[in-house]
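Asker: how would this look folded up:
(chains A and B)
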Protein chains: 2
Amino acid sequence: MATPSSPESTAAPSAITLAVDCMGGDHGPRVTLAACRAFLERHSEASLLLVGAPAALAGFAAHPRARIVAASEVVGMDDPVEVALRKKKDSSMRIAIQQVKDGAAQAAISAGNTGALMAIARYLLKTLDGIDRPAIAPQLPNAKGGATTVLDLGANVDCDAEDLLQFAVLGSALVSALTGNEAPSVGLLNIGEEAIKGSETIKKASQLLRTAANSKDLNFYGNVEGNDIFKGTTDIVVCDGFVGNVALKASEGVASMIGEFIRVEFSRSIFTKAAAIVAYPVLKAFKSRLDHRRYNGAALLGLRGLVFKSHGSADEVAFGHALDRAYDAARNNLLDRVRARIAHAAPLLARQEPAVPADATALHV
Amino acid sequence: MATPSSPESTAAPSAITLAVDCMGGDHGPRVTLAACRAFLERHSEASLLLVGAPAALAGFAAHPRARIVAASEVVGMDDPVEVALRKKKDSSMRIAIQQVKDGAAQAAISAGNTGALMAIARYLLKTLDGIDRPAIAPQLPNAKGGATTVLDLGANVDCDAEDLLQFAVLGSALVSALTGNEAPSVGLLNIGEEAIKGSETIKKASQLLRTAANSKDLNFYGNVEGNDIFKGTTDIVVCDGFVGNVALKASEGVASMIGEFIRVEFSRSIFTKAAAIVAYPVLKAFKSRLDHRRYNGAALLGLRGLVFKSHGSADEVAFGHALDRAYDAARNNLLDRVRARIAHAAPLLARQEPAVPADATALHV
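Answerer: Presented below is the predicted three-dimensional model:
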């Protein structure tokens, strides 16, 4: 894999263009356009295709590195996948992904609804050879001050061992593109060292990952537990989409509860309020370390094109991070890296049995 | 179910005796005996059977409400299940559970290793009719200031829909015994409202739980997500043991990371250290709200006897909470409540198909 050793040292082979679904997310153009403007200022070599209602995007008409691509429809946050896919063929989400398919952009970014984004991306771009089910791979903050990439988080339920191996290969390509670490460590999410260890699927996945480590396809660390995601034990944690989604949401739940407890305790009396004023800079620094906006931008992996998902509620800062992540992935040739890793691991990725039936994201339209 | 409406208003039908594995856990008698002494002071009607090496327990020889039961072996925290079960037939863990089987105690408590405890409890006590797989049900703090009972957390992987229904029935009996709420709400852990909803098992479990709600066997709320555990959306959350274990550990991981970030930010400089002194009472109050010791003591449910598991690292306060929880469950007739609920739900609990094969906890010895 003759890929650059560090993103920092890489001159982009050519200027990168991103296609942005400007209408998606809870806030639409108000947030996405402000983030796009700041992005263009940060990256003087980058160009954007701004997809959406021309009237809403008119402010960019004269920008030398932005071009408006008209789309007459918007996928709603609550639109069923079928509606997004079959009824709204001129949606900003779909047109943005179409730019990637047509080669006009190297990656698409949307804050629109996850199910629709995955379904449209899969329908338009198709999965890569050797990959059965694309995965969603966000990054979560860890105690080491870095980020742990976890996949799959939500797109695939009832994953089998082969799916988990594919996720490990995809995640390794992503982390190497974003960090320059060519051998990121992979942990398999399991339930610990006790006598009752994991399900049959996990046991089989563990064997597959060990084989992949032996053939130098992966840097497999071994089993990890839920807390290892936040300890930062490994660069990558692979898991079934159901398990990953529950772990992520439970973690968000704990963090909110703790935040609320801190708020309540500091506002309990005049004395605690005074303490809050004194502690304000510390609490602010603490909050910024946990700022989920810094981790916004999950990759949809396993497709014949790059697509990134921003959180629907992202503000300008958060959406900007998603744009940056897509930009880094594109200029560090994530797609080539994924292809190279799949090619290298091809003998392992060839399934012994037929793949699981296509899930709900594989609608035929 | 003619059970008392509130634990507070209940006179114990007769004095309760608990059997305590005094040798288990990371700290052994040093912690367990201190907790036992304080427990006996708190509950003037309660008696204890202290199980372990007589020399270690000699301090209690003259206590009017304690009796020493000799056991010559100890199950180590790292002992494989088979060793605990087959080789150490005179372990304090096993002898404590034997007291429950013999009717000498109404519940057993151990801080020993979970896998061994479940295996020995299952082997000695057997599962109740209508229950295929016993579950472990801890309580987790929630944002409402109460606790959410989650099961299963670790004993069962690859649960099917019928298992999840059984967990819901068992959890309802536990919460009604501990809180007096005769219709605690039950949530089914799932991955949210998006188009791609849950696995086939979850879909089937959802139907079974809805049927059980219609026949007044359960107060089924519907699907919940990972964050609902900590929001306190429902009194009980049922899930596969693998998913539950990952969610719990991930939550612990986030909480540790946040705690560590707070510590680091407050010790960064002389100014932040001064702020920490001012904020100390607030931080202490905050910490106490999250104190996991208050939630120590997970019920092993579905057996023909009551067994409670304390965290292995429990200190005196935490082990005392586990003793209190077992005491409350025993004096509020948890076992009768479980039996009554199973009898009521019997038509639903009767499986259409054969049960899943026994898992690793069902060793034959």
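Asker: residues in contact with the residue lying closest to A:D240 once chain neighbours are set aside?
Answerer: Closest residue in space to A:D240, ignoring its immediate chain neighbours: A:C159 at 4.2 Å, by CB to CB, 6 or more residues apart in numbering or on different chains. (Each C-beta comes from the backbone N, C-alpha and C, glycine too.) By CB atoms under 8 Å, 6 or more residues apart in numbering or on different chains, the contact set of A:C159 is A:133, A:152, A:167, A:201, A:239-241.
Asker: output those as CSV; include the columns neighbour count.
Answerer: As requested, these are arranged in CSV below (neighbours: other CB atoms under 10 Å in any protein chain shown):
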residue, neighbour count
A:R133, 24
A:D152, 30
A:F167, 32
A:T201, 19
A:C239, 28
A:D240, 26
A:G241, 25
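Asker: from those residues, which land in helices?
Answerer: Mapping those onto helices (DSSP state H) picks out A:167, A:201, A:241.
Asker: measure stretch A:59-67 end to end?
Answerer: 11 Å (CA to CA, to the nearest Å).
Asker: confidence score at the nearest residue to A:G112 once chain neighbours are set aside?
Answerer: Nearest residue to A:G112, sequence neighbours excluded (CB to CB, 6+ apart): A:G24, at 3.1 Å. pLDDT for A:G24: 93.
Asker: same check on A:P354?
Answerer: 49.
Asker: do the one 3 residues further on as well
Answerer: Among the per-residue scores, A:P357 shows a pLDDT of 45.
Asker: check the one 3 residues further on too.
Answerer: The predicted local distance difference test score for A:A360 is 38.
Asker: before we move on, what SS does the residue nearest to A:G112 have?
Answerer: In three-state terms, and counting by DSSP: H, G, I helix; E, B strand; the rest coil, A:G24 is coil.
Asker: can I assume it is in contact with A:A111?
Answerer: Yes. Using CB atoms under 8 Å, A:G24 makes contact with A:A111 at a distance of 4.6 Å.
Asker: overlap of the contact sets of these two?
Answerer: With CB under 8 Å, 6+ apart, A:G24 and A:A111 have common neighbours A:32, A:310, A:312.
Asker: briefly note if stretch A:61-76 comes near chain B.
Answerer: No. Against chain B, stretch A:61-76 shows no contacts by CB under 8 Å from any CB of the partner chain, the least distance being 11.6 Å.
Asker: average pLDDT for that stretch?
Answerer: Rounded mean pLDDT across stretch A:61-76 is 95.
Asker: same thing with stretch A:262-274?
Answerer: 83.
Asker: residue of the stretch 251-365 of chain A closest to chain B, please.
Answerer: A:G253 (3.2 Å; CB to the nearest CB).
Asker: SS state for A:L49?
Answerer: strand.
Asker: isn't it right next to A:C22, touching?
Answerer: No. Counting by CB under 8 Å, A:L49 stays clear of A:C22, with 9.6 Å between them.
Asker: and the two? Which one has more around it.
Answerer: A:C22 (32 against 20; other CB atoms under 10 Å in any protein chain shown).
Asker: am I right that that one is in contact with A:R30?
Answerer: No. A:C22 sits out of contact with A:R30 when judged by CB under 8 Å, with a separation of 9.9 Å.
Asker: quick one on the thing from earlier: which helix or strand contains the residue nearest to A:D240?
Answerer: A:C159 is part of no helix or strand, with elements assigned from DSSP states H and E.
Asker: give me the pLDDT value at it.
Answerer: 89.
Asker: ok now do A:S206, which residues does it touch?
Answerer: Here A:S206 is in contact with A:188, A:190, A:198, A:222-223 (CB under 8 Å, 6+ apart).
Asker: got CSV for the residues you listed, with distance to A:K284, secondary structure and neighbour count too?
Answerer: Listed next are the contacts of A:S206 as CSV, based on distance: CB to CB, whole Å; DSSP: H, G, I helix; E, B strand; the rest coil; neighbours: other CB atoms under 10 Å in any protein chain shown:
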residue, distance to A:K284, secondary structure, neighbour count
A:L188, 37, strand, 27
A:N190, 37, coil, 25
A:G198, 41, coil, 20
A:G222, 38, strand, 15
A:N223, 37, strand, 20
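Asker: now A:A255: which helix or strand?
Answerer: Going by DSSP H and E, A:A255 is in helix A:241-266.
Asker: so which elements touch that helix?
Answerer: Judged by 3 or more CB pairs under 8 Å, 6 or more residues apart in numbering or on different chains; DSSP states H and E, helix A:241-266 is in contact with strand A:147-151, strand A:185-189, helix A:226-231, helix A:270-290, helix B:226-231, helix B:241-266, helix B:270-290.
Asker: out of those, nearest to B:A61?
Answerer: helix B:270-290 (35.9 Å; CB to CB).
Asker: low-confidence stretches in chain A?
Answerer: Within chain A, the stretches with pLDDT under 70 are A:1-14, A:193-198, A:351-365.
Asker: which residue is the nearest non-sequential neighbour of the residue most central in space within it?
Answerer: Taking CA atoms, centre = their mean, the centroid of chain A lies closest to A:A298, which sits 1.4 Å from it. Nearest residue to A:A298, sequence neighbours excluded (CB to CB, 6+ apart): A:P138, at 3.7 Å.
Asker: distance-wise, check the one you found relative to A:A62.
Answerer: 35 Å (CB to CB, to the nearest Å).
Asker: more neighbours: which of the two?
Answerer: Ranked by neighbour count (other CB under 10 Å), A:P138 and A:A62 place A:P138 first, with 24 against 7.
Asker: so that one sits against A:G154, correct?
Answerer: No. Using CB under 8 Å, A:P138 is not in contact with A:G154; the gap is 9.0 Å.
Asker: identify the contacts common to the two.
Answerer: With CB under 8 Å, 6+ apart, A:P138 and A:G154 have common neighbours A:L248.
Asker: who touches A:A155 in this structure?
Answerer: A:114, A:118, A:133-136, A:241, A:300, A:361, B:196.
Asker: give me the subset of those residues lying in strands.
Answerer: A:135-136, A:300 (DSSP state E).
Asker: which ones, among these, also lie beside chain B?
Answerer: Okay, of the ones in strands among the contacts of A:A155, nothing touches chain B (CB under 8 Å from any CB).
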